[in-house]
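> okay, structure incoming, though there's no sequence with it:
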């Protein structure tokens, strides 16, 4: 079974053994206690990760946030202010500042990352067409500040590592280039196997950015089945959204 905590531990160990610099990014969309379990694994293995929390009740759990900070991890804001304010950038920036201040109670937040919100017509990143996040003490938003020409981006969007085909927003233009180099993986074991032979590859990777959605990773068979079933349905809806946009 994939997307278990055992598989996640194997992934982190493989990343460490590869010797390639890596960053673990976690988008806490819901079930925050799942994030805490991954944070414990990382702390045990001596790895610091970044956990991006939404402002919504299904993500924002103060006790979990504080516990993750206490384990030595970083907190970021998983913003969706444009969707919440129906595309009004002026209301959205006020909402953004309010919640940024809230999360800074727990950690001196300087990283943000947009929440994809596939069913929303609003792209959270459009807020920065009117405002500049650097003016609010933010120095990193991955879709703007990560150099994906030198960083390999792997995300479990769609509950699969090759889910970019059903992703509305969580994807980058370099994906086709990576596909041509064979850097497309379906399962976590696929990535672990590749990492064990990474130094035999003809191309150079300077950095790996791994994004997970911790609600997917569980050893509870009932939660696992629920996530599997619900995500399969979501992927169908995402395909329809992408087709309609075309």
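Nice, I can see it. Everything numeric here is computed off the predicted structure, so don't read it as measured data.

> and stretch 12-23, what's buried?
Neighbour-count burial for stretch 12-23 flags 12, 14, 15, 18, 20, 22, 23 (criterion: 16 or more other C-beta atoms under 10 Å). For the C-beta atoms, the positions are set from N, CA and C on the backbone; glycine is no exception.

> typed the wrong thing, it's stretch 215-225
Buried-residue list, stretch 215-225, by 16+ other C-beta under 10 Å: 215, 216, 217, 218, 224.

> contacts for it, please.
Here stretch 215-225 makes contact (C-beta atoms under 8 Å, 6 or more residues apart in numbering) with 1, 3-8, 28-31, 34, 37-38, 156, 159, 227, 231.

> just those: which are in strands?
residue 28 (DSSP state E).

> looking at the contacts of stretch 215-225, which are in helices?
5, 6, 7, 8, 34, 37, 38, 227, 231 (DSSP state H).

> spell out the secondary structure type for the residue lying closest to the first one once chain neighbours are set aside.
What it means is residue 5. Distance criterion C-beta to C-beta, 6 or more residues apart in numbering; nearest residue to residue 5, sequence neighbours excluded, is residue 219 at 5.3 Å. Following DSSP: H, G, I helix; E, B strand; the rest coil, residue 219 is assigned to coil.

> do you have the helices of this structure handy? List them.
Going by DSSP H, the chain shows helices at 5-18, 32-44, 62-70, 81-84, 89-103, 142-145, 175-180, 188-196, 221-245.

> what does stretch 101-108 contact?
Contacts of stretch 101-108 (C-beta under 8 Å, 6+ apart): 53, 55, 62, 65, 66, 69, 74, 75, 76, 77, 109.

> how distant is that stretch from the center of its chain?
Relative to its chain's centre, stretch 101-108 lies at 19 Å (C-alpha atoms, centre = their mean, to the nearest Å).

> just the buried positions in that stretch, please.
Within stretch 101-108, the residues scored as buried using 16+ other C-beta under 10 Å are 102, 103, 106, 107.

> go on, stretch 184-194?
185, 188, 191, 192.

> output those residues as a markdown table; include the columns distance to residue 117 and pLDDT.
Formatted as a markdown table, the buried residues of stretch 184-194 follow (distance: C-beta to C-beta, whole Å; pLDDT from 0 to 100):
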| residue | distance to residue 117 | pLDDT |
| --- | --- | --- |
| 185 | 25 | 92 |
| 188 | 25 | 97 |
| 191 | 26 | 96 |
| 192 | 31 | 97 |
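
> name the nearest of these relative to residue 122.
Nearest to residue 122 among those, counting by C-beta to C-beta, is residue 185 at 30.6 Å.

> quick one: contacts for the closest one?
154, 161, 162, 191, 194 are the contacts of residue 185 under C-beta under 8 Å, 6+ apart.

> can you redo those residues as CSV with distance to residue 48?
Output for those, formatted as CSV (distance: C-beta to C-beta, whole Å):
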residue, distance to residue 48
154, 18
161, 22
162, 27
191, 20
194, 23
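
> looking at the residues you listed, which is nearest residue 46?
Lowest distance from residue 46 to the contacts of residue 185 (C-beta to C-beta) belongs to residue 191, with 20.1 Å.

> what about the residue lying closest to the closest one once chain neighbours are set aside, distance to residue 116?
Spatial nearest neighbour of residue 191, chain neighbours left out: residue 185 (4.8 Å); criterion: C-beta to C-beta, 6+ apart. From residue 185 across to residue 116, the span is 20 Å (C-beta to C-beta, to the nearest Å).
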